[in-house]
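Novice: Sequence first, then the predicted structure, then my questions.
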Amino acid sequence: MKRSDKPKQKTAGSKRTLRFYVWWYFMLFAVLVLLLLWVFQYFLLASYYRSARLRSVEKVSGELTEAYGSDSFENEIRRMAFDNSMCIIITDSSGKLQTGANNLGYFSKLMLDSFNNTGYYMHQLKGELTESGKDYISKIVKNDSISSEEIIYVSSFKTERSENPYYIYIESSLEPIDSTVSTIREQLIYITVILFELAFIITLFISKRLSSPIVGITETAKKFGSGDFSVEFDQKGYREVSELSEVLDNAKTEIGKVNKLRADLIANISHDLRTPLTMVKAYAEMIRDLSGDNPEKRNEHIQIIIDEADRLSNLVSNILELSKLESGNLELSRTSFSLHDKIKDVLTRYTLLIEEQGYDIAFEPDEDRIVTADADKLDQVLYNFINNAINYSGENKRIRIRQINKEYCTRVEVADNGKGISKELLPKVFDRYYRGDKVQREVVGTGLGLSICKEILKKHNFAFGVQSEEGKGSTFWFEIPINGGEQKAEPAGSKDPNAAAK
Ligand code: ADP
């Protein structure tokens with residue numbers, strides 16, 4: 001298909017509004033209802049009434065021929081004639097009147113026939129019935145004396161008492177229908193006018209009510225789309241709109257977070273990269289211009305360059321690690337191992353620190369347990385917790401790694417008696433790039449360590465958290481479920497920092 005052949009897509013602006021559609025469909029519905037009313041009440045009413053009358057004539061004939069000869073027959077025939085506005089005559093095969101009842105008054109066709117013509121008309125009807133070979137005949141005839149239409153019905157029946165058949169003639173007026181129809185038709189015109197006007201007004205109102213919350217949301221969304229993050233999707237009205245508002249509000253919050261994160265990320269990364277790079281450049285220049293000939297100074301400056309390069313590579317590998325963890329591409333390779341062995345193994349790395357810098361780092365074990373986890377990743381968590389404890393323990397160099405066996409899990413705590421973390425900052429420590437305000441530059445950190453721990457522990461489904469009090473120290477913990485069973489992971493510290501884990 002050529003490009004120009006493509007059907008043109010309607011833009012939102014050229015489409016009709018919800019209000020119009022609601023109004024349109026409602027009016028269509030009203031027209032349909034009216035149409036049905038007119039078809040049934042106006043056009044089909046007369047024929048429906050006729051067939052209903054005919055059915056009742058047949059029913060009366062059936063009931064009377066059954067009851068013929070019984071003691072209560074005279075009462076029965078009178079009651080039937082009265083209830084149904086009929087003239088009913090029963091004759092024998094020779095046309096002799098047996099019995100009858102008339103509720104149609106003096107102008108009944110059958111009545112006049114039996115008085116004036118000695119039953120000539122009925123005789124004719126009998127002939128027609130015999131000729132037709134049917135059980136009964138019924139027809140609509142005009143009664144000239146009162147100029148109205150009536151049903152004339154005749155059928156034959158036999159009784160046990162006589163060989164020859166009897167004939168039952170029924171005359172039923174169709175007169176009431178005309179007055180009813182004209183009343184109904186008149187009413188129908190009123191109903192049509194009223195319904196149409198009502199439908200018009202009600203639909204205008206309903207369509208406005210339905211569309212206004214959506215119009216409101218669209219307006220807010222337009223502002224949001226143009227970059228205003230302060231908008232509130234708080235449309236009330238009906239459930240769908242409230243839900244849509246809620247979803248959009250959540251989307252707004254999430255987009256806001258991502259936006260902020262992106263800005264923070266760029267700011268943090270560029271800051272963190274620039275500082276060591278500035279140092280590297282400064283010290284390299286210093287070696288070139290000043291300390292190049294002084295081996296002692298030169299080595300000192302080269303060491304600084306090496307340290308800063310380490311810091312840089314640390315930062316880059318942390319960023320990579322975190323993005324790998326967060327993308328969900330990283331698979332854990334779980335193995336079972338002794339927790340005692342693991343912790344002791346990790347602590348061997350700190351022997352030098354303990355001996356040379358006077359740190360008091362010790363393991364307070366419980367009974368050894370075999371735990372299931374990704375050993376390398378668990379190392380990383382332990383190193384991060386212990387390194388932080390060392391970095392932030394200040395003058396007090398006492399650090400304890402505790403194992404606490406519980407019924408369903410094994411808890412591991414890394415506790416220090418350092419400066420602690422304030423209540424306000426506690427919920428943020430596991431966030432990416434969060435670093436305490438007064439973190440000194442000598443403390444080699446990227447602000448990513450704890451968020452890496454968080455991702456690792458979340459991936460393991462281990463509960464974890466932190467308890468801390470300013471000036472008294474911090475305890476970072478995680479819990480390894482027994483039998484590889486999983487327990488819900490949540491940064492407990494970020495919710496209720498000082499609450500003991502269950
Ligand atoms: P980094 O240590 O590289 O700054 P982390 O993600 O490991 O980044 O830690 C985030 C922040 O949490 C730290 O900057 C520090 O302010 C605070 N923190 C972490 N561990 C401790 C601790 N044991 N005592 C006090 N503050 C801590």
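Specialist: Nice, thanks for sending it over.
Novice: Any regions of the stretch 151-300 of the chain where pLDDT drops low?
Specialist: Screening the stretch 151-300 of the chain residue by residue with the criterion pLDDT under 70, one finds the ranges 175-178, 264, 268, 271-272.
Novice: just the helices in the chain please.
Specialist: Residue ranges of the helices in the chain, as given by DSSP state H, are 18-38, 45-67, 73-84, 109-116, 120-132, 175-225, 239-289, 295-327, 339-348, 351-357, 375-391, 449-460, 492-495.
Novice: The first one packs against which elements?
Specialist: Where contact means 3 or more Cβ pairs under 8 Å, 6 or more residues apart in numbering; DSSP states H and E, helix 18-38 is packed against helix 175-225. Where C-beta positions appear, they are placed from N, C-alpha and C, glycine not excepted.
Novice: that older thread, how about the helices of the chain in a markdown table, adding distance to Glu149?
Specialist: Formatted as a markdown table, the helices of the chain follow (distance: least, Cβ to Cβ, whole Å):
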| stretch | distance to Glu149 |
| --- | --- |
| helix 18-38 | 23 |
| helix 45-67 | 9 |
| helix 73-84 | 16 |
| helix 109-116 | 11 |
| helix 120-132 | 16 |
| helix 175-225 | 8 |
| helix 239-289 | 57 |
| helix 295-327 | 88 |
| helix 339-348 | 104 |
| helix 351-357 | 118 |
| helix 375-391 | 98 |
| helix 449-460 | 89 |
| helix 492-495 | 88 |
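Novice: Would you mind finding the most buried of the ones you listed?
Specialist: helix 449-460 (a mean of 22; mean count of other Cβ atoms under 10 Å).
Novice: next one: that one to chain centre, how far?
Specialist: Going by Cα atoms, centre = their mean, to the nearest Å, the spacing between the C-alpha centre of helix 449-460 and its chain's C-alpha centre is 33 Å.
Novice: can it be found next to the ligand?
Specialist: Yes: for helix 449-460, a contact with the ligand is found by Cβ under 6 Å from any ligand atom, at Gly449, Leu450, Ser451.
Novice: wait, doesn't the second one sit right on Phe430?
Specialist: Yes: the pair Leu450 and Phe430 passes the contact test of Cβ atoms under 8 Å, sitting 5.0 Å apart.
Novice: can you list the domains in the protein?
Specialist: Annotated domains of the chain cover 16-223, 239-326, 334-501 [automatic domain parsing].
Novice: Could you give the separation of the first one from the chain centroid?
Specialist: Distance, stretch centre to chain centre, for domain 16-223: 51 Å (Cα atoms, centre = their mean).
Novice: Ends of it, what's the gap?
Specialist: End-to-end distance for domain 16-223, by Cα to Cα, to the nearest Å: 22 Å.
Novice: ok, now the second one?
Specialist: With Cα to Cα as the measure, the ends of domain 239-326 fall 35 Å from one another.
Novice: I'd like to know if that domain reaches the ligand anywhere along the stretch.
Specialist: No: judged by Cβ under 6 Å from any ligand atom, domain 239-326 stays clear of the ligand, getting no closer than 8.2 Å.
Novice: Please name the residues that touch Val154.
Specialist: With Cβ atoms under 8 Å, 6 or more residues apart in numbering as the criterion, the residues that contact Val154 are Met122, Leu125, Lys126, Glu128, Leu129, Tyr136, Ile137, Ser138, Tyr167, Ile168, Tyr169, Ile170.
Novice: Now it: closest residue in space, sequence neighbours ignored.
Specialist: Sequence neighbours aside, Leu125 is the residue nearest to Val154 in space, at 4.6 Å (criterion: Cβ to Cβ, 6 or more residues apart in numbering).
Novice: Is the one you found in contact with Ile137, as I believe?
Specialist: Yes: counting by Cβ under 8 Å, Leu125 touches Ile137, with 7.3 Å between them.
Novice: Find the closest residue to the ligand in the stretch 201-350 of the chain.
Specialist: When you check the stretch 201-350 of the chain against the ligand by Cβ to the nearest ligand atom, the closest residue turns out to be Asn318, at 8.2 Å.
Novice: quick one on the thing from earlier: do you know how far the residue nearest to Val154 is from the ligand?
Specialist: With distances taken as Cβ to the nearest ligand atom, to the nearest Å, Leu125 is found 109 Å from the ligand.
Novice: Look at that residue and report its pLDDT.
Specialist: At Leu125, the pLDDT value in this model is 92.
Novice: Then Arg435?
Specialist: Predicted confidence (pLDDT) at Arg435: the value is 66.
Novice: Could you dump the residues of helix 449-460 next to the ligand into JSON lines with distance to Leu174 and pLDDT added?
Specialist: Listed next are the residues of helix 449-460 next to the ligand as JSON lines, based on distance: Cβ to Cβ, whole Å; pLDDT from 0 to 100:
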{"residue": "Gly449", "distance to Leu174": "99", "pLDDT": "85"}
{"residue": "Leu450", "distance to Leu174": "95", "pLDDT": "90"}
{"residue": "Ser451", "distance to Leu174": "91", "pLDDT": "87"}
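Novice: Just the closest of the residues you listed to Glu58, please.
Specialist: Proximity of those to Glu58, judged by Cβ to Cβ, is greatest for Ser451, which lies at 90.0 Å.
Novice: Which residue lies closest in space to the closest one, excluding its sequence neighbours?
Specialist: Nearest non-adjacent residue to Ser451, counting by Cβ to Cβ, 6+ apart: Arg432, 4.4 Å away.
Novice: Quick check: the one you found touching Ile452?
Specialist: No: because the distance of 9.2 Å does not satisfy Cβ under 8 Å, Arg432 is recorded as not touching Ile452.
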